[in-house]
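Asker: I'll drop the sequence and a predicted model, then ask my questions.
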Amino acid sequence: MSSQNVLFFGASRGCGFYAMLRVLRAGGRATLLLREPDTVTGNLEFQALSPEQRSRATVVKGDAYVREDVVRVVDAAGSAMDTVVFSIGAMLPSGIPKTSWSRGFVLDPPQPCARAITMLLSVLQDLNRLGLRLVIVSTMGMGAKHKELPFLLRGVLYGWLLNDAHSDKEAVEYLALLSSKHRTPAQQPEARTLPDSSASLRSNWLDEVIILRPALFTDGKETGKVRAAPVVRRAYTISRRDVGMFIADECLKGNNKWVGEDGVVLAY
């Protein structure tokens, strides 16, 4: 992993953050776009890295929804960057979230993940950054995969409360595969989940996509005991640390096992 050069979106915390730490510990280089750089540079786990390890992290202050910022961080990653890890998540507003009878918790502003992946893909295609691998942290149980969920998760939680957030992730998967050389899902997401700007995305230029579909996140320890397959029965939980470990160990260049449109579920 020492030669890895990875660009991270959404690594201020969670699985992207833990993947970034693992890349640096193994001798690789990490470039991050962060609204608040202190969320990483002030993190005790980041500070616990050696000075040499920290020196291989490039933190760019900026916003994933601002084109100029995304261009700057891609430039900062350099021509040797060959993997992008996209782990931006849909955050519910503070306070009591708005709910809808049809969509559960409503994201406000809408389409946070779909808008971010559209901006990223637009910049990469316009800069002609070919030969890239895009690793997406999505979620399990969307679309046709809903029937594979454990019964206890299939109803209120995944079937209603998280419907809006999952529709946003479904749009992310669709747009990434649409841009890639892999097969695009036959069923297009709901029109409301696709940003207007996504109409400008080209198809068939992105070399490789890996879609991770973790179970419910926990803040537990790294165990290394991850079940990974396109379908995992009785998939309930997975820690963010173990997803970060999986990204760094099994999803970067050199390991092609999970490349393709099928996606991989991660769970204990």
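Answerer: Perfect, thanks for sending it.
Asker: mind checking how far the nearest residue to residue 66 once chain neighbours are set aside is from residue 182?
Answerer: Spatial nearest neighbour of residue 66, excluding adjacent residues (C-beta to C-beta, 6 or more residues apart in numbering): residue 119 at 8.0 Å. Placement of C-beta: from N, CA and C, glycine included. Remark: distance between residue 119 and residue 182 (C-beta to C-beta, to the nearest Å) = 21 Å.
Asker: more crowded one of the two?
Answerer: Each of residue 119 and residue 182 has its neighbours counted (other C-beta atoms under 10 Å); residue 119 has more, 22 against 19.
Asker: stretch 216-235: end-to-end distance?
Answerer: Using C-alpha to C-alpha, to the nearest Å, the end-to-end distance of stretch 216-235 comes out at 8 Å.
Asker: so which bits of it are buried?
Answerer: For stretch 216-235, burial by neighbour count (16 or more other C-beta atoms under 10 Å) applies to 216, 217, 222, 226, 228, 232, 235.
Asker: now do stretch 73-81
Answerer: Burial within stretch 73-81, assessed by neighbour count using 16+ other C-beta under 10 Å, is assigned to 73, 74, 76, 77, 81.
Asker: tell me the mean pLDDT for the longest helix belonging to the chain?
Answerer: Secondary structure of the chain per DSSP state H: the longest helix is helix 163-179. Rounded to a whole number, the mean pLDDT of helix 163-179 is 91.
Asker: helix or strand next in line after that helix, which one?
Answerer: Past helix 163-179, further along toward the C-terminus, the next helix or strand under DSSP states H and E is strand 208-214.
Asker: what helices or strands is that next one leaning on?
Answerer: strand 133-137, helix 163-179, helix 240-250, strand 264-267 (3 or more C-beta pairs under 8 Å, 6 or more residues apart in numbering; DSSP states H and E).
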